[in-house]
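Engineer: quick check, what structure comes out for this input:
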Amino acid sequence: MLTVDYDRLGLKSGHQLLDLGCGFGRHAYEAARRGAHVTACDMAVPELVNVRNTFGAMSVAGELEPHVECSQVAGDATRLPFGDNSFDRIIASEVLEHIPHDIDALAELTRVLKPGGLLAATVPTFGPERLCWAINSEYHAPASVGGHVRIYTRNQLRAKMTGVGLRPQDAHNTHGLHSPYWWLKCAVGIDNDDHPLVKRYHDLLVWEITDQPKVLQLAAKALDPIIGKSTVIYAEKPATLIDR
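Structural biologist: Sure thing, here's the model as predicted:
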């Protein structure tokens, strides 16, 4: 399940891509399939091991072009272990809402992005996220255990991007079918995965992802702008006068 639209990101074969907060690698894998050289970065070492193993399996299965290079790096978003202007494209999906010092993270992402490069940042959409917080405070667990520390409006995230020198461009919402699932979980208990309604809705989402039935595609298209679970903003690092 991808949150970032790779066509809007303009990802091309041969690009150097950083997937910050890669988790179990869903965006990293797709980028590698498209021929990008991928650096998957996260603070969780076990997840990086899983990503490394999956990349290896993909290579053995012939899913990756021979030239594609994939690496895994443990790192802090506010002190990235990369040189200036290292990446053509960066994805930071569902990361910034977890970081107390998000401006520092955005500044670091800007530093390692090449002039003319694009960053895709995704965060929970304000309305659906605010409702989750209102229904159940356990949904956004304390920051000390990796919970959400803030809710962004689209304008707030744009302003923070602009403040570190990025130029926000396109934006959209996605995963409109997923917001009601989280409202339901908040209502019956975040950890109550055995609740019959939760299990049925989960099965619906699995069907959406695996089979992509037309009826659910149409439903998602209608719901995305209204209650999309995630907001995606694409921002460019302006080229310098020398680069032009």
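Engineer: I'd like the distance between the residue nearest in space to the middle of the chain and Pro128.
Structural biologist: The centroid of the chain falls nearest to Ser93 when counting by Cα atoms, centre = their mean (1.5 Å). To Pro128, Ser93 is 16 Å away according to Cβ to Cβ, to the nearest Å. To be clear about C-beta, it is placed using only N, CA and C from the backbone, and glycine gets the same treatment.
Engineer: wait, the residue nearest to the centre of the chain sits on Leu9?
Structural biologist: No. Contact criterion Cβ atoms under 8 Å: Ser93 and Leu9 do not qualify, at 11.2 Å.
Engineer: which neighbours do the two share?
Structural biologist: Ala120 (Cβ atoms under 8 Å, 6 or more residues apart in numbering).
Engineer: name the residues that touch stretch 186-198?
Structural biologist: Contacts for stretch 186-198 (Cβ under 8 Å, 6+ apart): 131-132, 135-136, 138-139, 181, 184-185, 199, 202.
Engineer: hmm, 10 Å instead?
Structural biologist: 131-139, 141, 181-182, 184-185, 199, 201-202 (Cβ atoms under 10 Å, 6 or more residues apart in numbering).
Engineer: now the buried members of these.
Structural biologist: 131-132, 135-136, 139, 181-182, 184-185, 201 (16 or more other Cβ atoms under 10 Å).
Engineer: would you mind measuring from the residue nearest to the centre of the chain to Asp19?
Structural biologist: 8 Å.
Engineer: which neighbours do the two share?
Structural biologist: Common neighbours of Ser93 and Asp19, counting by Cβ under 10 Å, 6+ apart, are 4, 26-27.
Engineer: now, which of those residues sits nearest Ala159?
Structural biologist: Nearest to Ala159 among the shared contacts of Ser93 and Asp19: Val4, at 21.0 Å, using Cβ to Cβ.
Engineer: in which helix or strand does the nearest residue to that closest one once chain neighbours are set aside reside?
Structural biologist: Spatial nearest neighbour of Val4, chain neighbours left out: Ala120 (4.6 Å); criterion: Cβ to Cβ, 6 or more residues apart in numbering. Counting by DSSP states H and E, the element that carries Ala120 is strand 113-124.
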